[in-house]
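**Student:** A predicted structure for the sequence below; I have some questions about it.
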Amino acid sequence: MFSSGASSVGPVGKLRLVASQEVQEMLGVSRTRAYQITNSKSFPDPVAVLSVGRIWRAEDVERWIKDHRPDLQDTEA
C-alpha cells in the first residue's frame, strides 16, 4: 500500500508531481538548462527517482521559482 507521509498533502489536497519535462516547461528553458538547474544545490531534492527520471513535488518547484526566479511567477492576483 502506498503512503506518501507528506505533510503537504491535506485531507482533501492532491499530491501534484512533476518530472523533468514539466520542470523545463515551468522554467521556460531548454532541456540542458533544466538539467543544470535541477542539479544545482539550491534546487529541491526529488521525492523519487524512477526509471523514467527524477520526480519533484510541484509545490517545491513553484516555491523554488518564487524564491530564485521571481520573473517567472504567475502575475495573477
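**Tutor:** Cool, got the structure.

**Student:** hey, let's count contacts and neighbours off CA atoms from now on
**Tutor:** OK.

**Student:** helix, strand, or coil at Lys41?
**Tutor:** Three-state call for Lys41 (DSSP: H, G, I helix; E, B strand; the rest coil): coil.

**Student:** who does the helix or strand containing Val18 pair up with?
**Tutor:** Element membership of Val18, judged by DSSP states H and E, is strand 17-19. Paired strands of strand 17-19, with direction, are strand 53-57 (antiparallel) (DSSP bridges).

**Student:** show me which positions of the following helix or strand past the partner strand end up buried.
**Tutor:** Next along the chain after strand 53-57, taking DSSP H and E as the criterion, comes helix 58-68. In terms of neighbour count (16 or more other C-alpha atoms under 10 Å), helix 58-68 has its buried residues at 58, 60-62, 65.

**Student:** if we can go back for a sec, from the chain's centroid, how far away is the strand holding Val18?
**Tutor:** What separates the centre of strand 17-19 from the centre of its chain is 6 Å, taken as C-alpha atoms, centre = their mean, to the nearest Å.

**Student:** shaky segments in this structure?
**Tutor:** In the predicted model, the chain carries pLDDT under 70 at residues 1-12, 73-77.

**Student:** just give the nearest non-adjacent residue to the most centrally placed residue in the chain, would you?
**Tutor:** Note on the chain: the residue nearest the mean C-alpha position is Val61, at 3.2 Å, using C-alpha atoms, centre = their mean. Once flanking residues are discounted, Val61 sits nearest to Pro44: 6.9 Å by C-alpha to C-alpha, 6 or more residues apart in numbering.
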